[in-house]
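*Asks:* Sharing a model prediction with you, sequence too.
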Amino acid sequence: MIDPAKPIEPKENESEEAVRGPFNRLDVEDGQFVIRQYLPSPTASTPSIISHYGLYIPKGYLSDIEKHWPIIMFLHGAGECGDEIDSSLLRQDLPKKLASGSHIPFVVIAPHCPRGSGWGDKQISRDVIAILAEVSKVLRVDMNRVYLRWGEQEEEERRKKKEE
């Protein structure tokens, strides 16, 4: 399990400043879903509530250096808020499928909302926007194609299929 209190340690010959900041460093292979620690900028005016987020880099990202990829911002359902970061994120269909080896042609960002908070909280909204901004600075993404998907949406789609 991920320990939210434990910071990411610098690699050998890497300064602590190199891993500080909301995005840290890109230790992700294409076609891989990982859970990353969110470290807000030291100059942020308010403390962060979000401590971790899932990140998926699409298959082909590293080989197609000209392409700018669309983004799916995945917001999990209320039942996944809590302290069990890795298991909470991986219970939802999209992150679960990506972590199991499925592939889609999108960069996926899946912030984890802690217990006692919700997506309507102003600071949570600021954190989500800050994560999106930092990812857009580091990855080749198309900011004109940012899509929002939420966990309850998946539940609603499953319910509709059962009714048909």
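*Replies:* Thanks, I have it. Numbers count the residues shown, from 1 in each chain.

*Asks:* C-alpha from now on. contacts and neighbour counts both.
*Replies:* Noted.

*Asks:* And residue 93, its phi and psi?
*Replies:* In terms of degrees, to the nearest 10, the main-chain angles of residue 93 are phi -50, psi -50.

*Asks:* same thing with the one 10 residues further on?
*Replies:* Taking degrees, to the nearest 10, you get phi -130, psi 140 for the backbone angles of residue 103.

*Asks:* That one contacts residue 56, doesn't it?
*Replies:* No - look at residue 103 against residue 56 with C-alpha atoms under 8 Å: they stay out of range, at 9.2 Å.

*Asks:* Just give me the longest strand of this structure.
*Replies:* Longest strand in the chain by number of residues, with DSSP state E as the criterion: strand 141-150.

*Asks:* Mind giving me the packing neighbours of it?
*Replies:* Counting contacts by 3 or more C-alpha pairs under 8 Å, 6 or more residues apart in numbering; DSSP states H and E, strand 141-150 is packed against strand 69-75.

*Asks:* can you give me the angle the strand it packs on makes with strand 141-150?
*Replies:* Counting by axes from the mean of the first three to the mean of the last three C-alpha atoms, to 10 degrees, strand 69-75 lies at 30 degrees to strand 141-150.

*Asks:* Residue 132: how many residues sit nearby?
*Replies:* 19 (other C-alpha atoms under 10 Å).

*Asks:* could you dump the helix or strand encompassing residue 128 to PDB, C-alpha only?
*Replies:* Element membership for residue 128, per DSSP states H and E: helix 122-138. Only the C-alpha atoms of helix 122-138 are listed here, as PDB (Å, rounded to 0.1, in the frame of the first residue of the first chain):
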ATOM      1  CA  LYS A 122     -13.100  24.300  -3.600                       C
ATOM      2  CA  GLN A 123      -9.600  23.100  -2.600                       C
ATOM      3  CA  ILE A 124     -10.100  19.700  -4.200                       C
ATOM      4  CA  SER A 125     -11.200  21.500  -7.400                       C
ATOM      5  CA  ARG A 126      -8.000  23.600  -7.200                       C
ATOM      6  CA  ASP A 127      -5.900  20.500  -6.800                       C
ATOM      7  CA  VAL A 128      -7.500  18.800  -9.800                       C
ATOM      8  CA  ILE A 129      -6.900  21.800 -12.000                       C
ATOM      9  CA  ALA A 130      -3.300  22.100 -10.700                       C
ATOM     10  CA  ILE A 131      -2.600  18.400 -11.500                       C
ATOM     11  CA  LEU A 132      -4.000  18.900 -15.000                       C
ATOM     12  CA  ALA A 133      -1.900  22.000 -15.500                       C
ATOM     13  CA  GLU A 134       1.300  20.200 -14.400                       C
ATOM     14  CA  VAL A 135       0.600  17.200 -16.500                       C
ATOM     15  CA  SER A 136       0.000  19.400 -19.500                       C
ATOM     16  CA  LYS A 137       3.500  21.000 -18.900                       C
ATOM     17  CA  VAL A 138       5.300  17.700 -18.900                       C
END
